[in-house]
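Enquirer: Predicted model follows, preceded by the sequence.
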Amino acid sequence: MINKIANSVAEALAGIQDGATIMIGGFGTAGIPNELIDGLIAHGAKGLTIVNNNAGNGDTGLAGLLKTGRVRKIICSFPRQTDSYVFDELYRSGKLELELVPQGNLSERIRAAGAGIGAFFTPTGYGTELAKNADGTPKETRVINGKPYVLEYPIHGDVALIKAESGDRWGNLTYRMTARNFGPSMAMACKRTVASVHEIVELGAMDPETIVTPALFVSQIVKVPRQATQAGGFKQ
């Protein structure tokens, strides 16, 4: 019998190796798998490459993970915010490598990995510093129909940590509004996907038309409680 339900976050994250590339869902404060990030901190893996939309807020969640010093590199679109002081300090002191990727390119590079696309041309970044490789050499460019484009490659991951709304024991997932964000594409781009869910439903209870991430792309799910906000609602 297929049963991908883990008994705990620690069980779901077991086996993550040092040096892994880990994609973490979330956009702003929506869809951040905080319990899985805390579990990764407790796990102790080091030398990690993290792929996320930003580089953390305050000193908890993703920022808390960076604070441990176990992240070697971060690939993101918005590293600096008003409360990104953990990232700022690590980056300025040379303790954290940054690969800055425009948000549309980040999304498409992740999607391309899951779709089996070898590379793609995009106009975003052409003529800027972002059209250079990490070593300073220029990326390949091409003019298509009179418009210049830059060649970008997929981002593949070892593990995706994402937040969903509900799941069944096979691993089928649904999401709540904007909490969906990068989750579906990250699940497809990684060798292994762990999803936190607020509700586990019986097999067959989900309308197939509402399933966003099929079980094929999910390795394990773990149920976590909802987190209330100061405004009295719940985090997405």
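Expert: That came through, no problem. Computed from a prediction, not measured in an experiment: that's the story for all the values here.

Enquirer: going forward, measure contacts and count neighbours with C-alpha atoms only.
Expert: OK.

Enquirer: mind checking the longest helix of this protein?
Expert: Identified as the longest helix of the chain according to DSSP state H is helix 103-115.

Enquirer: Identify the residues contacting it?
Expert: For helix 103-115, contacts defined as C-alpha atoms under 8 Å, 6 or more residues apart in numbering pick out 53, 76-77, 118-119, 122, 124, 152-156, 182, 185-190.

Enquirer: next SSE after it?
Expert: Per DSSP states H and E, helix 103-115 leads on to strand 120-122 as the next helix or strand towards the C-terminus.

Enquirer: Please report phi then psi for the residue lying farthest from the centre of the chain.
Expert: Using C-alpha atoms, centre = their mean, the residue of the chain lying farthest from its centre is G146. It sits 34.7 Å away. Backbone torsions for G146, taken as degrees, to the nearest 10, come to phi 80, psi 0.

Enquirer: follow-up on the earlier one: and the contacts of helix 103-115, which of them are buried?
Expert: Listed as buried from those are 53, 76-77, 122, 124, 152-156, 182, 185-190; burial here means 16 or more other C-alpha atoms under 10 Å.

Enquirer: Narrow these to those in helices?
Expert: S185, M186, A187, M188, A189.

Enquirer: Same list (those residues) but as CSV, adding pLDDT and distance to P138.
Expert: Shown next, in CSV, are those (pLDDT from 0 to 100; distance: C-alpha to C-alpha, whole Å):
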residue, pLDDT, distance to P138
S185, 97, 28
M186, 97, 27
A187, 97, 30
M188, 98, 29
A189, 98, 26
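
Enquirer: which one of those is nearest L66?
Expert: For these, the closest approach to L66 (C-alpha to C-alpha) belongs to M186, at 20.1 Å.

Enquirer: My guess is the closest one contacts G25. True?
Expert: Yes: with contacts counted by C-alpha atoms under 8 Å, M186 reaches G25, the gap being 7.4 Å.

Enquirer: Distance of the residue farthest from the centre of the chain relative to P123?
Expert: 11 Å (C-alpha to C-alpha, to the nearest Å).

Enquirer: got it, and T49?
Expert: From T49 over to P123 the distance is 26 Å, taken as C-alpha to C-alpha.

Enquirer: So which of these two has more stuff around it?
Expert: T49 (23 against 17; other C-alpha atoms under 10 Å).

Enquirer: Quick check: mean pLDDT of the helix or strand that contains that one?
Expert: Element membership for T49, per DSSP H and E: strand 48-51. What strand 48-51 shows for mean pLDDT is 98.

Enquirer: List the buried residues of that strand.
Expert: Those would be L48, T49, I50, V51, for strand 48-51 by 16+ other C-alpha under 10 Å.

Enquirer: go on, stretch 60-69?
Expert: Buried positions in stretch 60-69, judged by neighbour count with 16+ other C-alpha under 10 Å: G61, L62, A63, G64, L65, L66, K67.
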